[in-house]
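K.L.:
The following comprises the amino acid sequence and a computationally predicted model.
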Amino acid sequence: MFKGTTILCVKGKNETILIGDGQVTLGNTVMKHRASKVRRIFNNRVIVGFAGSTADAFTLFTRLEGKLEKYSGNLERAVVEMAKDWRTDKYLRRLEAMMITADKDRVFLVSGAGDVIEPDEPVLAIGSGGPYAFAAAKALEENTELEPAELAKKAMEIASGICIYTNNHFTLEKI
């Protein structure tokens, strides 16, 4: 499990929300409070959030964008091909990160172990605060009528109150 971040995805009927906290931790020290771990790529048609090493995540963003271009924006094909490279390439397999990526139709979790997972649930979370954000989002999704963005913010607020590696400075993107 990666320490230092929480990324949460909430898929609604008409939009998908990706939200991340802003805390950057080095060991037991907070180094930055307002980092952006959620980004738009591929002409704003795909949103991506990462947990893990920042430099590794930027490498993966660039790699994913290249795969999206190669496969004409087909997110599933791009993440599968990227996961293959990530697992088999001598350099890439040392990268320590996980990512959630989404377009208007689909959501995937991608890891360096070769995992490409499209969740059954309308919520997905990664990072040290991921289990807290996931549990909060799942409870809110099942018991409220909140819109996806509001639900995601509330779930992240709950996670930031529990996980010491998660703060309440959020970056939210929707697609």
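P.N.:
Sure, I can see it.

K.L.:
all contacts plus neighbour counts: C-alpha atoms, from now on.
P.N.:
OK.

K.L.:
Counting residues, name the longest helix you see in the chain.
P.N.:
In terms of residue count, the longest helix belonging to the chain (DSSP state H) is helix 54-70.

K.L.:
That one packs against which elements?
P.N.:
The elements that helix 54-70 packs onto, with contact taken as 3 or more CA pairs under 8 Å, 6 or more residues apart in numbering; DSSP states H and E, are strand 46-52, helix 75-88, strand 97-102.

K.L.:
Same list (those) but as a markdown table, adding mean neighbour count.
P.N.:
Listed next are the helices and strands packed on helix 54-70 as a markdown table, based on neighbours: other CA atoms under 10 Å:
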| stretch | mean neighbour count |
| --- | --- |
| strand 46-52 | 26 |
| helix 75-88 | 20 |
| strand 97-102 | 24 |
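
K.L.:
Any idea which of those gets closest to Met31?
P.N.:
Met31 sits nearest to strand 46-52 of all these, at 14.5 Å, using CA to CA.

K.L.:
Identify the residues contacting the closest one?
P.N.:
When contacts are defined by CA atoms under 8 Å, 6 or more residues apart in numbering, strand 46-52 is touched by residues 2-7, 18-20, 37-41, 57, 61, 96-104, 126-127, 173-175.

K.L.:
Stretch 62-74 too?
P.N.:
By CA under 8 Å, 6+ apart, the surrounding residues in contact with stretch 62-74 are Ile41, Phe42, Leu75, Arg77, Ala78, Val79, Glu81, Met82.

K.L.:
Tabulate the helices and strands packed on helix 54-70 (TSV), appending distance to Pro119 and mean pLDDT.
P.N.:
Shown next, in TSV, are the helices and strands packed on helix 54-70 (distance: least, CA to CA, whole Å; pLDDT from 0 to 100):
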stretch	distance to Pro119	mean pLDDT
strand 46-52	15	92
helix 75-88	13	90
strand 97-102	11	91
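
K.L.:
Sketch out the helices for this protein, chain order is fine.
P.N.:
For the chain, helices defined by DSSP H occupy the ranges 54-70, 75-88, 130-143, 148-162.

K.L.:
Specify the angle between the second one and strand 46-52 in degrees.
P.N.:
So the one you mean is helix 75-88. Comparing the axes of helix 75-88 and strand 46-52 via axes from the mean of the first three to the mean of the last three CA atoms, to 10 degrees yields an angle of 30 degrees.

K.L.:
do the same with the last one
P.N.:
Per the same axes, to 10 degrees, the angle that helix 148-162 makes with strand 46-52 is 10 degrees.

K.L.:
Now do the buried residues in helix 148-162.
P.N.:
When burial is assessed from 16 or more other CA atoms under 10 Å, helix 148-162 yields the following buried residues: Pro148, Ala149, Leu151, Ala152, Lys153, Lys154, Ala155, Met156, Glu157, Ile158, Ala159, Ser160.
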